[in-house]
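K.L.:
Here you go, sequence then predicted model.
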Amino acid sequence: MTTPMNPTIEIKILDDRLRQWGLPQYQTPQAAAIDLVACLDAPLVLKPQQAAVLIPTGIALHMNSDHLCAVILPRSGLGHKKGLVLGNSMGLIDADYMAQCLISAWNRNPAESGLDITVQPGDRIAQMLFLPIVRPAFVVVDEFSAPSERGEGGFGSTGVGR
């Protein structure tokens, strides 16, 4: 059932191997994100500190909403245990983007470590989280309408470790 908190999103399968490997899905009943797999034809070796590589997911989306986006995030275990992270920290998928979703993958291990990461075809290597979008109207002002307790305090202005 489509509701504002549970919208319908169309998914196009671009790689038929996903039907065998498993379509993107939530792995547990309360999982926040769906897992994305590497739609590769052969294993991909990521060398430490080399340039990020774009890995196809085999899917495209049609969100059809001004108030929705998706973000691609690393899978926490792969980043913590192996050093596989996203080359752009996270990937933003706008609601009007309808081409294949790609994962920018990077091996963050130190260059001298020699810790290669091999991504196999069908590996779950990232996750996609859908988020609501607020699109405020902007009003240009010379002065703000009210002060705040913090004001213009920036980096470190609220203390360290408090």
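P.N.:
Arrived safely.
K.L.:
Quick check: nearest residue in space to the residue nearest in space to the middle of the chain, chain neighbours excluded?
P.N.:
What sits nearest the mean C-alpha location of the chain, by CA atoms, centre = their mean, is I72, with 1.1 Å. Spatially, and ignoring its direct neighbours in sequence, I72 is nearest to G91 (3.7 Å; CB to CB, 6 or more residues apart in numbering). Bear in mind the C-beta positions are built from the backbone N, C-alpha and C, glycine included.
K.L.:
residue contacts, D15?
P.N.:
39, 56, 58-59 (CB atoms under 8 Å, 6 or more residues apart in numbering).
K.L.:
Which one of those residues sits in the busiest neighbourhood?
P.N.:
G58 (24 neighbours; other CB atoms under 10 Å).
K.L.:
Name the residues linked to the spatially closest residue to N107 that is not a sequence neighbour by a beta bridge.
P.N.:
Closest residue to N107 apart from its sequence neighbours, by CB to CB, 6+ apart: L46 at 4.1 Å. The partner list for L46 in beta bridges (DSSP bridges) reads I117.
K.L.:
Hmm, I117 and L46 touching each other?
P.N.:
Yes: between L46 and I117 there is a contact at 4.5 Å, judged by CB atoms under 8 Å.
K.L.:
Remind me what the helix or strand that the residue nearest to the centre of the chain is a member of packs against, helices and strands.
P.N.:
If you go by DSSP states H and E, I72 is part of strand 68-74. With contacts taken as 3 or more CB pairs under 8 Å, 6 or more residues apart in numbering; DSSP states H and E, strand 68-74 sits against strand 84-86, strand 91-93, strand 100-107, strand 124-132.
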